[in-house]
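A.B. asks: Quick one, fold the following:
(one chain, ligands or ions: 1)
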Amino acid sequence: MDEVESVENEDRLRPQRLADYIGQKDLKEVLNIAIAAAKTRKESLDHLLLYGPPGLGKTTMSLILATEMGVNCKITAAPALERPRDITGILIGLKPGDILFIDEIHRLNRMTEELLYPAMEDSRLDITVGKGQSAKTRSIPLPPFTLVGATTKVGSLTSPLRDRFGLIQRLRFYELDELTLIVQRTANLLKVEVTQEGAEEIARRARGTPRIANRLLRRVRDYAQVKSIASIDRELAGTALDLFNVDAMGLDWTDRLVLSTAIEQFKGGPVGLEAIAAATGEDSRTIEDVYEPYLLQIGFINRTPRGRVVTEAAYKHLGFFPFG
Ligand code: ADE
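C.D. replies: Residues are numbered from 1 along each chain as shown. Reported below is the predicted structural model:
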């Protein structure tokens, strides 16, 4: 499947309204209030920082906010904002109340970040014209807008940037019942038949993450189609996902490699992230941002000041005996 098709598919599955968004109860409540207040005052929404592991719905939430406020949402990511003119071009093109979504906002370079400060605070763009002694700063007024920043690493944001967000909200891993509803909702949109238990089996292996749940559903749908099976039940979902190397806890090949490397080569830790990365050939940032959060969440690893430690539960799950 090419990237364009997969992105289009993902867009088609996103909920459009806050009421259709499953899970993240606290976040929805906070945003419902912010939306109602902003609408009453006929103002733009406060700047919002969303943080948490990837795939939990940060972009989706930003698009929903735009729909609820009746404005446009411009989506970009920090690595696409390399030159000052990248961000100035976007800011100048915004209409009153528009939402600007910046993914991976912890990766902004300093110049871009400093252009954002007056924009966020005073709806003003300060640009320098000319060079050396004749350089002058010109201020261009901007329409009021809302910056929605998304990050997996809230600790890596500079404090001046973090302080300019009126709302700072964390997205949590989803509960099993929420993910089951998401699988059922997506199955409906894809016109795939799935039983309650089938949906639950897919949800159980989705690492608390809707993006993964929807991806697994597609893989199981392919399997059912090729085997000419009309409805996805628990057994079929389990068999298909085993085949695709997604185990009963939702761990994939890389998760298991990270854990077994820490156990076999480092006696289960404490071991540093870089050492695990070098031994597995995985990028340390990918391990930290994508794999580790869920392994921490399910209690398969602990973080200590001296490094990562694999827990007894992980030893058992992987079939390593005796523990330690
Ligand atoms: N699809 C992906 N994430 C979702 C969510 N949180 N609610 C409803 N549908 C979704």
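
A.B. asks: Spell out which residues of the stretch 201-324 of the chain are next to the ligand.
C.D. replies: residue 210 (Cβ under 6 Å from any ligand atom). All C-beta atoms are positioned from the backbone trio N, CA, C, and that covers glycine.

A.B. asks: and the residue in the stretch 201-324 of the chain positioned nearest to the ligand, how far is that from residue 53?
C.D. replies: Per Cβ to the nearest ligand atom, residue 210 is where the stretch 201-324 of the chain lies closest to the ligand, at 3.4 Å. To residue 53, residue 210 is 11 Å away according to Cβ to Cβ, to the nearest Å.

A.B. asks: Same check on residue 62?
C.D. replies: 16 Å.

A.B. asks: cool, and residue 207?
C.D. replies: Distance from residue 207 to residue 53, by Cβ to Cβ: 9 Å.

A.B. asks: Quick check: neighbours shared by the two?
C.D. replies: 173, 294 (Cβ atoms under 8 Å, 6 or more residues apart in numbering).

A.B. asks: Of those two, which one has the most company?
C.D. replies: residue 207 (27 against 22; other Cβ atoms under 10 Å).

A.B. asks: Show the contacting residues for that one.
C.D. replies: 173, 250, 251, 294.

A.B. asks: can you do 6 Å?
C.D. replies: By Cβ atoms under 6 Å, 6 or more residues apart in numbering, residue 207 lies in contact with 250, 294.

A.B. asks: could we number from 51 for the rest of this?
C.D. replies: That works, and once the first residue is 51, the last one we named lands at residue 257.

A.B. asks: and it, that one's in a helix?
C.D. replies: No: Residue 257 is assigned coil when assessed by DSSP: H, G, I helix; E, B strand; the rest coil, not a helix.

A.B. asks: can you give me phi and psi for the spatially most central residue of the chain?
C.D. replies: Geometric centre of the chain, nearest residue: residue 104, 2.7 Å, by Cα atoms, centre = their mean. Per-residue torsions, residue 104: phi -70, psi 150 (degrees, to the nearest 10).
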